[in-house]
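# I'll drop the sequence and a predicted model, then ask my questions.
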Amino acid sequence: MTIENNTILIEPGKMTEVLTIILVKYGFEEKKAGKCAAIFTNSSVDGIYTHGINRFSRFVEYLKKGFIRPEAEPSLKKKAGNIEQWDGNLGPGILNAIVATDRVIELAMDGGIGCVALSNTNHWMRGGSYGWQAAKRGFAFIGFTNTIANMPAWGAKDQKLGNNPLVIALPYNEEAIVLDMAMSQYSFGAMEMAVIKKESLTYHGGFDRSGNLTNIPSAILASRRPLPIGYWKGAGLSLLLDILAALLSGGLSTHEISKKEVEHSVSQVFIAIDLIQLGESSVINRTIQGIIDDYLQSVPQDERIHISYPGQRVIDTRKKNTEYGIPVLKEVWEQVISL
């Protein structure tokens, strides 16, 4: 079904089916293919198209070039109490992240808190997927990954930092509160999507080649100078996330990953906290609800603005896209089908 001249609606089950068939074609065992396809689809259902269906063709490209090994399984390298180091063995980042999240939940159930640090893995696509995975099981979650160098240090012109996404999640009623953010004001996927749709960014997203702040995504992509969140604060946070990811996992840092042909063999950290071991669930739920109730009473500066907590709009988009279908750019779907 077409909703605009350049957009069609794809039923979620159909998308998962098509992606699964393609992944089996490129070497995935069918069960693993289904898990990967489900993450791509669910991200798209939730409205995170840049790390869902729009990213799928690049994922297949990396498969064909051998950067992602579909048969690989993560393996334990070292254990120190409730901290574990795992090697992703260049397996699919999605599957490695699912395993790491399940494992960190087990560690948290055993000792209240657990940490799994994963080296030698691949892009996890939408990091928020693993926040939802943990939070829906009743656990607080913190996760982060480093990336290839794609963002300058504050005051610099060349790229030394990754936009190193950070995820923080916790259970809320039957759903979750999930913050999923890159260290750049806009992710590269969001800027690439804006270019395709011929749209400007709502706010300044980076610098052009002349060093001027701009909201023109093509100018930012050309200069490779995205704006760190909070200016120097976001740059500093990016640096520390990279250091921690490399140290905890025993894996590569951003400057080492950047020497590779494409971004792969990244380092990631997964932390889960069993909140129930800290107090009764009724007290925890009441505390969260009180904070959210107060937050949502914020007075908007503009009547067109709707105040929402992280993850709230995702729930609304999920319901809409599940009922009516996932909006996909025609050229994106045609590229996927051609695979």
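Thanks, I have it.

# Spell out which residues make up each domain of this protein.
The record's domain parsing of the chain by automatic domain parsing lists 2-65+324-338, 72-184+230-308, 185-227.

# Adding distance to Thr317 and mean neighbour count, write those domains out as TSV.
All C-beta spots, glycine's among them, are computed from the backbone N, C-alpha and C. As requested, the domains of the chain are arranged in TSV below (distance: least, CB to CB, whole Å; neighbours: other CB atoms under 10 Å):
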stretch	distance to Thr317	mean neighbour count
domain 2-65+324-338	4	18
domain 72-184+230-308	11	19
domain 185-227	15	17
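
# Show me the helices in the protein, by range?
Taking DSSP state H as the criterion, the chain contains helices spanning 12-25, 30-45, 53-65, 93-111, 128-135, 188-196, 217-223, 232-249, 254-257, 281-295, 312-324, 330-338.

# Run through the neighbouring helices and strands of the last one.
It stands for helix 330-338. Packed against helix 330-338 by the contact rule (3 or more CB pairs under 8 Å, 6 or more residues apart in numbering; DSSP states H and E) you find strand 7-10, helix 12-25, helix 53-65.

# what do you get if the cut-off is 7 Å, keeping everything else the same?
Helix 330-338 is packed against strand 7-10, helix 53-65, with contacts defined by 3 or more CB pairs under 7 Å, 6 or more residues apart in numbering; DSSP states H and E.

# can I get the ones you listed in TSV with distance to Ile326?
Formatted as TSV, the helices and strands packed on helix 330-338 follow (distance: least, CB to CB, whole Å):
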stretch	distance to Ile326
strand 7-10	5
helix 53-65	7
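
# ok so, going back, want to throw the domains of the chain into a markdown table with mean pLDDT?
Output for the domains of the chain, formatted as a markdown table (pLDDT from 0 to 100):
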| stretch | mean pLDDT |
| --- | --- |
| domain 2-65+324-338 | 95 |
| domain 72-184+230-308 | 96 |
| domain 185-227 | 93 |
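
# could those domains go into JSON lines alongside distance to Ile315?
Below are the domains of the chain laid out as JSON lines (distance: least, CB to CB, whole Å):
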{"stretch": "domain 2-65+324-338", "distance to Ile315": "8"}
{"stretch": "domain 72-184+230-308", "distance to Ile315": "6"}
{"stretch": "domain 185-227", "distance to Ile315": "20"}
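
# Could you check those domains and tell me which one is nearest Val314?
Closest approach to Val314 among the domains of the chain is made by domain 2-65+324-338 (4.7 Å; CB to CB).

# Just checking the distance from the closest one to the centre of its chain.
Here the centre of domain 2-65+324-338 is set off from its chain's centre by 16 Å, with CA atoms, centre = their mean, to the nearest Å.

# leaving aside the residues next to it on the chain, what's closest to Met109?
With sequence-adjacent residues excluded and distances taken as CB to CB, 6 or more residues apart in numbering, Met109 is closest to Asp274, at 5.7 Å.

# The one you found reaches Asp110, doesn't it?
No. With contact defined as CB atoms under 7 Å, Asp274 does not reach Asp110; the gap is 8.7 Å.

# Let me know whether Leu23 touches Gly34 as I believe.
No. Judged on CB under 7 Å, Leu23 makes no contact with Gly34 at a distance of 8.3 Å.

# I would like the residues contacting stretch 182-202, please.
Identification of contacts with stretch 182-202 by CB atoms under 7 Å, 6 or more residues apart in numbering yields 49-51, 54-55, 150-151, 163-165, 203, 205, 215-218, 220-221, 226-229, 234, 237-238, 329.

# ok, Ala135 to Ile292 distance?
Distance check for Ala135 against Ile292: by CB to CB, to the nearest Å, it reads 14 Å.

# now Trp124
27 Å.

# Could you do Met191 as well?
Taken as CB to CB, the span from Met191 to Ile292 is 31 Å.

# Could you do Gly230 as well?
Distance, Gly230 to Ile292, using CB to CB: 23 Å.

# How about the contacts made by Met181?
By CB under 7 Å, 6+ apart, the residues touching Met181 are Pro165, Leu166.

# just Ala235 next, same as before
Here Ala235 is in contact with Ala153, Trp154, Leu161, Pro228 (CB under 7 Å, 6+ apart).

# Please verify my assumption that the third one contacts Ala149.
To tie it back to what came earlier, the one meant is Leu161. Yes. With contacts counted by CB under 7 Å, Leu161 reaches Ala149, the gap being 6.4 Å.

# Common neighbours of the two, please.
Thr254.

# and of the contacts of Ala235, the nearest to Tyr324?
Checking the contacts of Ala235 against Tyr324 by CB to CB gives Pro228 as the nearest, at 36.5 Å.
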